[in-house]
Each structure stands twice: as C-alpha cells, then as structure tokens.
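Undergrad: what follows is a predicted structure for the sequence shown.
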Amino acid sequence: MSYTTEALVVLDSHVTAQDLNFTAEDFTTLVNSLISQAEDLINAYCRRVFSSQEVTEKLNGTGGHKLFLKNPIISVTHVKIDDVDVTADCIIREDVGIIEYWESVFSKGHWNIEVVYTYGYESVPVAVKNAATRMVSRALQHSKAKLQGAGFESEKLGDYSGKIDADLKNFFTEEIKESLKPYKMGGIV
C-alpha cells in the first residue's frame, strides 16, 4: 500500500517529466524511488509501518490486569491464559493497543499468555499520505528550480545524482515531522 502516487505528486508539485528533461519512463522511475524513500523515512521516524499485520504474541503473565500490545488494534482473534480462552471477558482498547482483563489477572508465568490479533492501519492515514506527497513534491520542485537556474540540458536517469536532489532527508522538514507526531510509536514526544 503506497503512501502516495505519481499522479498526486505531479498535481501537488506541478513538475512533469518535461520540466526535468526526463522521458516519461525515467520520470516514473525517479518518482517511485522518491516515494519509496519517503515511505522509509516516515516509517523510521514513526517507528511503524502503515499497513495491517496479523500476529501471534506469546507474553509473560505478570499478575496484572493489562497487556500492552502494538497499536492500533484492528481486531483480536483470541486472548488465552494458560490455553484458556478469555477473549469474551477482555476489554480491548484498540486505539492505544491495550487489552484489559478485570475478571481476574493475567496470571504469572513464562509465555503463558497468547494473543492473536491484527494491528496497524487498514488504509494509510491522510496525514501520512500528505507528508509523503509533500516530501516528494518539494524534492521535485527543488530539482526543477536547480535545473532551470543552472541551465542543464537533458540527462539520463542514471546520471541524475548531481542534477536532481534525490536525498529526501533534505525535505523531511520539522513541519512534516510535526504532522506525523500523532502516529509516532513509543509514547508522547
């Protein structure tokens, strides 16, 4: 599930293959490479991937009432304590990835709790899509201005490293990071 598309980037940036003296095929390759970089930077910053994943977790029971899982939780198949299904007695707090069990406790033990659940995102959040689109758009706009200002002629995609700013880290601004903070794993920043 891609965080943005070539069409959205072109619409946002107003930069086309012709603006960079690229063939349509080379431009698509460049944009897809930049989108991939944007996704990697966003995933690393947020410490998560914006897709859904089903997992089976074996956890140590601590004698407490709460389990802290990956979030957000989309669905829970089952929660078992010592192979006894207690799913029906649990409260699932999807948004924060917490399962509460107040009928008793998650009894102490080594890997005695099994939770099968799906977490993540069924679709990429709008703020994440916007961040990826803005990063790639800014890189293309910068490259267009750089090429026009320097008077470069047509170049092959393989030679663009000195002409096109393909390092998206330069466009991962504080504004974009701020827009992603609600999705960052590991607590409040």
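TA: Thanks, I have it. Numbering: from 1, shown residues only.

Undergrad: any idea how far residue 89 is from residue 75?
TA: From residue 75 across to residue 89, the span is 17 Å (CB to CB, to the nearest Å). For the C-beta atoms, the positions are set from N, CA and C on the backbone; glycine is no exception.

Undergrad: and the longest helix along the chain, what does it pack onto?
TA: If you go by DSSP state H, the chain has its longest helix at helix 126-150. Judged by 3 or more CB pairs under 8 Å, 6 or more residues apart in numbering; DSSP states H and E, helix 126-150 is in contact with helix 6-13, helix 24-46, helix 174-180.

Undergrad: just name the shakiest helix or strand of the protein by mean pLDDT.
TA: Lowest by mean pLDDT, DSSP states H and E among the helices and strands of the chain is helix 126-150, with a mean of 90.

Undergrad: in that one, what counts as buried?
TA: 128-144, 147 (16 or more other CB atoms under 10 Å).

Undergrad: quick one, what contacts residue 128?
TA: 3, 42, 46, 50, 180, 183 (CB atoms under 8 Å, 6 or more residues apart in numbering).

Undergrad: quick check: chain neighbours aside, which residue is closest to residue 109?
TA: Excluding the flanking residues, the one nearest residue 109 by CB to CB, 6 or more residues apart in numbering is residue 61, at 4.5 Å.

Undergrad: list the contacts for the one you found?
TA: Contacts of residue 61 (CB under 8 Å, 6+ apart): 81, 105, 106, 107, 108, 109, 112, 113.

Undergrad: just residue 182 next, same as before
TA: residue 127.

Undergrad: equivalent analysis for residue 138, please.
TA: Going by CB under 8 Å, 6+ apart, residue 138 touches 13, 171, 173.

Undergrad: perfect, that will be all.
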